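Peer 1: sharing a sequence plus its predicted fold:
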Amino acid sequence: MRGLIILFVFNGAGLLLHEWVGVPLPSNVIGMLLLVAALFLKWIKLEWVEESASFFTKHMMLFFAPLIAGVTVFAKELSEAWLSVAISVVGGTIAVMLVTAAVVRLLSPAEAEVQIEAEKAQPSQRPLTKEGHHERGISQ
């Protein structure tokens, strides 16, 4: 119950910031950013919200059902603009994937370089199978 209350408090805080202060982000996004900040600053313990957050994640489709049903209202408009919708969906997906890859590379280059250097310094000592593969299936 505590986790649910915490989630609602941060959602409400996001709504207040959006409405009263005029922060140009959706209130749910603001609430999530505040929650993430509180978790990183250790003001909120993950254990407090984990069970409630898992519940919402497991039943996420219930939250999207009204949205999916609402799309049917615009079926005519979507059929007229299907090409632009398809380009937007594919382009947006590609953009998200590229940005995610760039962020991962920016945040973890040192770790990857250390692992590569360690592998170069110590060649694998695992025995090869008769097909010329290591026991895990990685060829030398």
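Peer 2: That came through, no problem. Numbering: from 1, shown residues only.
Peer 1: which helix or strand contains the residue most central in space within the chain?
Peer 2: With the centre of the chain defined as its mean C-alpha position, the nearest residue by CA atoms, centre = their mean is residue 100, 9.5 Å away. Counting by DSSP states H and E, the element that carries residue 100 is helix 82-107.
Peer 1: can you check residue 42 too?
Peer 2: Per DSSP H and E, residue 42 falls between elements, in no helix or strand.
Peer 1: and it, how close does it get to residue 48?
Peer 2: Shown here: residue 42 relative to residue 48, a distance of 11 Å by CB to CB, to the nearest Å. (Glycine included, C-beta is placed from N, CA and C.)
Peer 1: these two: which is more packed in?
Peer 2: When neighbours are counted by other CB atoms under 10 Å, residue 42 and residue 48 differ, and residue 48 comes out ahead with 15 against 8.
Peer 1: so the more buried one sits right up against residue 4, yeah?
Peer 2: No: contact criterion CB atoms under 8 Å: residue 48 and residue 4 do not qualify, at 10.2 Å.
Peer 1: pop the domain breakdown of the protein in here.
Peer 2: 1-57, 68-122 (automatic domain parsing).
Peer 1: which one of the ones you listed is the most hemmed in?
Peer 2: domain 1-57 (a mean of 14; mean count of other CB atoms under 10 Å).
Peer 1: what ranges do the helices span in the chain?
Peer 2: Per DSSP state H, the chain carries helices over the ranges 2-16, 27-40, 46-58, 60-71, 75-80, 82-107, 109-121.
Peer 1: report the distance from stretch 50-58 to the chain centre.
Peer 2: Mean-position distance between stretch 50-58 and its chain equals 15 Å (CA atoms, centre = their mean, to the nearest Å).
Peer 1: thanks a lot, see you next time.
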